[in-house]
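Q: what shape does this take:
(one chain, ligands or ions: 2)
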Amino acid sequence: MNVSLYLAAPGSRFWAAASTVSLAEAVARAAGLGYDAVEVMPLDACNPDPEALRATAERHGLSITGLATGYVALEQGLTFTHPDPEIRRQAVRAACRCLDSARRAGAPLISIGVIRGRLQGGASREEAWPHLADCVRECGLYAGELGLTLTIEPGNRYETDFVHTVDEGLDLLDAVNLPSVRLQLDTFHMNIEEASPADAIRRAGPHLAHVHFADSNRRAPGWGHLDFRPIAGALRDAGYAGAIGLEMLLIPDLDAAARQGLRFVRRLFGDV
Ligand code: LER
Ligand code: MN
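A: Ligands and ions are numbered 1, 2, ... in the order given. Next up is the predicted model:
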C-alpha cells in the first residue's frame, strides 16, 4: 500500500494538516518515518515552487500523490459556485494553474474540495449546481489534455454546501462525463455524511482515484472512534489500488501523528 502524508504549506488557512516546519523539512521527516509519498495543499500556484517540491521529494525517494486546490477558496476567495461569473472564471483559471503546477511537480492529480464553495448571495443550490458542473467540466477537459486527473472529494456540510456524499459525487461525475474526472473519498467526511462509509466506498468502486484517512476527530487513525476494518475491506472489495493519504491534525506534533498514521495503515492492510 502506497502511504502518503498530506501537508498543508506552513501559513495555510486550512484548518488541518498545516506543517509547523518548512515543507522541505516535513518531506524529509516523512521519508525518515517510512512514507512513500506526500500530498500538498499549496499557498498558491507558485508556492511551493513545483519544480523545487519535485526535487525535494525525489531527493528523499518520495513521490507526490497530488495537489489540493483548497487554497484557491481559502487564500483567494474564489469558488466554482460564486454568484458572480467573473469570480467563477477566476476560480477555473486558478484550478487550471494548479493543474499546471501538478504537472510540473510530477503529481498525477489535483483534488476539488472547498473550491466548490458555499451558497452565497441568496442563490439556490439548484441555480448553483450547473455552475459547479460547468467549472468542473472546464477544468476536467484541461486535466485530460495534460494527462492528469481531477478528483471530486465529497466534503462535510460544515466545509461546503455542494457534494457531501458519494452519491452526490457520482451525480456530478455523471453530469461532467469525462474520464479525467473521478472521485476521492475521505474517512473524516464520510463519518459525518455517509450512513455507511464501507457501502459508500463500494458504490464509488471503479470511480475511486484517491482516498484520505483520518479518524472521527481528524486526528491520526486509531486516535478517534472510527472502525477502519470495514473501510479497508470495502477498499479491497472495490479493487482500490491507489494511495492512502493521511490527512490529519498534526497533533501533538507532526512526527507523532505521522508515525501513528503510518503504523496504523500498514497494520490495517497487513503490510507489516
Ligand atoms: C478538507 O477537509 C479535505 O478533506 C481536504 O482533502 C482538502 O484538500
Ligand atoms: Mn480530504
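
Q: find the closest residue to ligand 1 in this protein.
A: Closest approach between the chain and ligand 1, counting by C-beta to the nearest ligand atom: A68, at 3.3 Å. All C-beta spots, glycine's among them, are computed from the backbone N, C-alpha and C.

Q: from memory that residue sits against V114, does it?
A: No - look at A68 against V114 with C-beta atoms under 8 Å: they stay out of range, at 9.1 Å.

Q: so for the two, which residue has more residues nearby?
A: Neighbour comparison, A68 and V114: the larger count goes to A68, with 31 against 20 (by other C-beta atoms under 10 Å).

Q: mind listing what the nearest residue to the more buried one once chain neighbours are set aside touches?
A: The shortest distance from A68 to any non-neighbouring residue, by C-beta to C-beta, 6 or more residues apart in numbering, is to M41 (4.1 Å). Counting by C-beta atoms under 8 Å, 6 or more residues apart in numbering, M41 touches Y6, L7, A8, A9, S12, F14, A17, L67, A68, G70, Y71.

Q: next: R54.
A: I64, R104, A105, G106.

Q: beta partners for the residue of the chain closest to ligand 1?
A: Beta bridges link A68 to S111, judged by DSSP bridges.

Q: from Y240, how far out is the residue nearest to A68?
A: Look at M41 and Y240: by C-beta to C-beta, to the nearest Å, they are 23 Å apart.

Q: got it, and A214?
A: In terms of C-beta to C-beta, A214 sits 17 Å off from Y240.

Q: so those two - more neighbours on which side?
A: Counted by other C-beta under 10 Å, A214 and Y240 do not tie: A214 has more neighbours, with 27 against 21.

Q: ok, and the closest non-adjacent residue to the more buried one?
A: F188 (4.3 Å).

Q: same deal with V181?
A: G140 (4.0 Å).

Q: contacting residues around that neighbour?
A: G140 sits next to L150, V176, L178, S180, V181 when contact means C-beta under 8 Å, 6+ apart.

Q: dump these into CSV; add secondary structure and pLDDT as well.
A: As requested, the contacts of G140 are arranged in CSV below (DSSP: H, G, I helix; E, B strand; the rest coil; pLDDT from 0 to 100):
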residue, secondary structure, pLDDT
L150, strand, 98
V176, helix, 98
L178, coil, 98
S180, coil, 98
V181, strand, 98
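
Q: ok, which of those residues also contact ligand 2?
A: Of the residues in the contacts of G140, proximity to ligand 2 by C-beta under 5 Å from the ion holds for none.

Q: contacting residues for S196?
A: P230.

Q: per-residue confidence for it?
A: Looking at S196, its pLDDT is 98.

Q: over to V272?
A: 72.

Q: list the contacts of the most centrally placed residue in the chain.
A: The centroid of the chain falls nearest to S111 when counting by C-alpha atoms, centre = their mean (4.8 Å). Applying C-beta under 8 Å, 6+ apart to S111 gives the contacts G66, L67, A68, T69, L150, T151, I152, E153, Q184, H210.
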